[in-house]
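Visitor: 3D, please:
(2 chains)
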Amino acid sequence: MDTVQTEIKSYATPRVSFKEYAMRVEAGAVVLEDGTVFNSANLADHLSGSEKCAVLAATLGAETDAAIRLLQYKDMAAALAADNFANALIEEVCDKAEAEIAETARKQGFYTTTRYSCGYGDFSLSNQPDLLRLTNAQRVAGITVNESHLLLPQKSVTAIIGYWK
Amino acid sequence: MLINRLKNEMLLFDGAMGTMLEGAYKSGELPEILNITNPDLITRIHKQYVAAGSDIITANTFGANALKLKATGYSADEIIAAAIKNAKAAGAPLVALDIGPLGQLLKPAGTLGFENAVSLFAEQILAGTKHGASLILIETMSDLYEIKAAVIAAKECSTLPVIASLTFDKNLHTFMGCDARTAVTFLNAIGVDAIGVNCCQNPFDIAPIIDVFTQFSRPPVLVMPNAGLPDASGGYSVLPKQFADALTGYYKKGVSLFGGCCGTTPEYIAQLKKSLKGKKPIARQTERITAVTSGNRTAVIDGKITVIGERINPTGKPKLKEAIKKNDIGFIIGEAVAQQDAGADILDVNCGLPDIDEAAAIARVTAEIQSVVNLPLQIDSVNPKAIESGVRIYNGKPLINSVSGEKKSMASIFPIAKKYGAAVIGLTLDENGIPDCAEQRFLIAKRIVKTAASYGIPKEEILIDSLVLTASAQQEQVFETIKTIRLVKERLGVNTVLGVSNVSFGLPNRAYLNSIFLTAAMSAGLSSAIVNPLSEEISSAIKAFRVLSGSDKGAADYIAAFSAVSESKASTSEAVHKDLTALISSGQREASKTAIRDLLTTAEPLVIMDTYLIPALDFAGKQYETGKIYLPQLIQAAETAKGCFDVINKVIKTEAGTCKGKIILATVKGDVHDIGKNIVKVLLQSYGYEIIDLGKDVDGDFVASEAAKNRARLVGLSALMTTTIPAMRQTIEKIRISAPQCKVMVGGAVLNEEYAKLVGADYYAPDAMAGVKIAEAVLGKKIGE
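Guide: A predicted model of the protein is given here:
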């Protein structure tokens, strides 16, 4: 187990990109200052009372996927452990980013909501391309989305965090 | 000619169109649309860069590919036509067709196919060429494979000069994990007119990249970095003067092409123009090395004896033959992984079988191996069509095995090597066969090297194979081969390679003969050897030679390899024959195999399976279902049982072996999350089912046709995302038509009983054990049921 963790850590290249946008909640939707509209009642609920938000994209990078792929041909049990560890690791990366965002918000006099990702409730996965664009994630972190709205590299996360007073 | 200007002049590109356009278009729109909706704005920006002193204006076409333009209603051709017109209207001295990444990752990291990528780039390049671009700038790339697709498209659609530029992260690798030397080795071979580094964190931290590029690059080097990364308010931290100073530093290292990326307004370019005024390019000494690459790794052939693994070649290997025919990719990748673990530096890939489409097979096998193993590959065939098919799909700079001194061979192989950027093995035989003496073989080697040069392939891209004849049939020839190595090394200064194992053909104790012959060849200066890296004699001989020749400094690798040997042997012999059930359910692989071997001396193989193995697995399965053990332990038990099956299979000579029936597994189109499917595979294999694993992101038609071809009675499909469930339904519909006999089970995180019905599946497998029970219900628990 320890060697699996060390191996995944050695391949992981965590990259994070986030950007703040002013926003407002409308009936069943969230509208960002740049005109982006997220049609999701659940997201609107989550962000009700927020005036700003941070859009976040994070990844462990393509080499983590490759390491897990290779491990599956050597030791499937270790690969499963590695896959789970990578899932935990990307959560940890997001937690850190979230803490940084909370600090940035606090300096501006805001509290923050928890992070909300697409795939939760009615916040559809089809919003992934917008979330990547809003964070410039391909250029800054190498994150892409395919036609099935799958984030690639696989160990990648996007999320929105609300700022409220 | 622009190509000569690129070689001999200092040329200045422009700065960041994206930065200049910020706020000028609606969020979610592509900035390339402005070429049509607001041409004056685009031309005005170009004009500012022309005024700042840019020699080359990059047209606003970075994302103008059909994938990104899909929702806009514009074609790549329309956007590119307008963009080039706008640049020309600004009085641009030269206009570059700007090509950025397509926006989706290529397989295996993503789902975009290589040939799709080539077509998308071809559309852009045809448009750029038609509408009057002066050159093609492929930039901000992270993936060598994507660059390869773009360069191939350029070679096939245009004669314009091509520049390829990558972006590197702060760890000095690209997002895809490619280092600078791998990039430059690949780009030197595939042949671009300049190589570059652009974007990146800032202009300062890329110094080590520039060092590698200027040390190894045959063509001129371009540097075009960001003015730092934007802060939260969008400001860039590097000032124009700092930017210009950093780039002037790179000029001193031999960079001759310059420009700016994100954040570089015309002010930066003007400052740069001022700093570089009156300067002429500085001549560089390029270091010439022999090397091949995968997508993110280089193998340098430099005298340390490069090990080329020979095992992926069906000649004399019935199991591999079957695997290639049946498309059993798992088995082939297993061979690749085992050779990598045994220390191979390069892997030979050969799919030469009489009754198959070799070109299709080698492309498929190459693509699958490179999706798991990152060693450089050697594409091996006697059929030039198969060679081309393999090197085309290959990610990186491959080694071609081989060309001979025959005119026809050289005329068909060298153009392939040149187009796709490959190193080539040259065999010292020609129309008259293999010469008896070393001098004659040397003359053929010389001719091969000279002919390669006439195709623009320098001698460091050639490895000479002076041909190993069998000691049993042509004993007097054995040392002629060794002599030729010496001649080629001393007189031609060219690297050498040998297919060692042939020497012992027809004689007993082959590994021993092979290793002695290899040792003689290494002493004569052999650079690389095509061998079985899993052979203890061979790998010991190589490790020992590396110590004696001084390339294994302080014998560190040798000590690391051999000091552990005695221990591991001891632990196997100490293995206690515990109850097999306990051994399997606790995942003790070696001890279980030893126990099986002992059992085989007293019991029938099939009896061992039914009375020991399957009950042991069932026991582990029950423990898993009742929460006493967890998935990793269940998988370990399954892998242990699988190892036992392999032992039993070796003694069963019947056609059917221990196989209980064929099951096809696939992760559906659009989805790449396949670990769940792979766990099901291990479990089913451990129960003795034969699995044909079609992989991930698999086209529905392919699943259906494989089900029909193999007369499979069960197909398992997995999908992780809600968005790929439609693909599951379509796949099942196709299976119903092509293979009506076949049952379908489905599984994956988003599925449940209800969804499974909805997509038309026969069975829903909530976990891997359920998959086993379904297989038992459909195919039976015992052999032949």
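Visitor: Could I get the contacting residues of B:Arg491?
Guide: B:Arg491 makes contact with B:442, B:446, according to Cβ atoms under 8 Å, 6 or more residues apart in numbering or on different chains. Bear in mind the C-beta positions are built from the backbone N, C-alpha and C, glycine included.
Visitor: what does A:Thr113 give?
Guide: A:Thr113 touches A:46-47, A:50, A:161-162, A:164, counting by Cβ under 8 Å, 6+ apart.
Visitor: how deep is the residue nearest to B:Ser134 when sequence neighbours are not counted tucked in, by neighbour count?
Guide: The shortest distance from B:Ser134 to any non-neighbouring residue, by Cβ to Cβ, 6 or more residues apart in numbering or on different chains, is to B:Leu94 (4.2 Å). Other residues lying near B:Leu94 total 17 when counted by other Cβ atoms under 10 Å in any protein chain shown.
Visitor: Got the phi and psi for B:Leu94?
Guide: In terms of degrees, to the nearest 10, the main-chain angles of B:Leu94 are phi -140, psi 150.
Visitor: From B:Ala133, how far off is it?
Guide: 9 Å (Cβ to Cβ, to the nearest Å).
Visitor: Can the top helix by length along chain B be said to contact chain A?
Guide: In chain B, ranked by residue count with DSSP state H as the criterion, the top helix is helix B:631-651. Yes. With Cβ under 8 Å from any Cβ of the partner chain as the measure, helix B:631-651 is seen reaching chain A through B:631-633, B:635-636, B:638-639.
Visitor: Looking at the residue lying closest to B:Glu753 once chain neighbours are set aside now. What's its pLDDT?
Guide: The shortest distance from B:Glu753 to any residue other than its chain neighbours is 5.1 Å, reached at B:Tyr764 (Cβ to Cβ, 6+ apart). The model reports B:Tyr764 with a pLDDT of 95.
Visitor: same check, this time on B:Lys569
Guide: 45.
Visitor: Which of the residues in stretch A:41-59 are classified as buried?
Guide: Applying a neighbour-count criterion of 16 or more other Cβ atoms under 10 Å in any protein chain shown, one finds A:43-44, A:46-47, A:50, A:52-59 buried in stretch A:41-59.
Visitor: Identify the farthest-apart pair in these.
Guide: The most widely separated members of the buried residues of stretch A:41-59, counting by Cβ to Cβ, are A:Ala44 and A:Thr59 (27.0 Å).
Visitor: from chain A, which residue is nearest to chain B?
Guide: Each residue of chain A has a distance to chain B, by Cβ to the nearest Cβ, and the smallest belongs to A:Gly142, at 2.9 Å.
Visitor: Please report the distance of the residue of chain A most remote from its centre from B:Glu406.
Guide: With distances taken as Cα atoms, centre = their mean, the residue sitting farthest from the centre of chain A turns out to be A:Lys74, at 30.0 Å. Taking Cβ to Cβ as the measure, A:Lys74 and B:Glu406 are separated by 42 Å.
Visitor: Next: B:Leu120.
Guide: 38 Å.
Visitor: Over to A:Ala67?
Guide: 44 Å.
Visitor: With neighbour numbers in mind, choose between the two.
Guide: A:Ala67 (22 against 17).
Visitor: What strand or helix carries that one?
Guide: Secondary-structure element containing A:Ala67, defined by DSSP states H and E: helix A:62-74.
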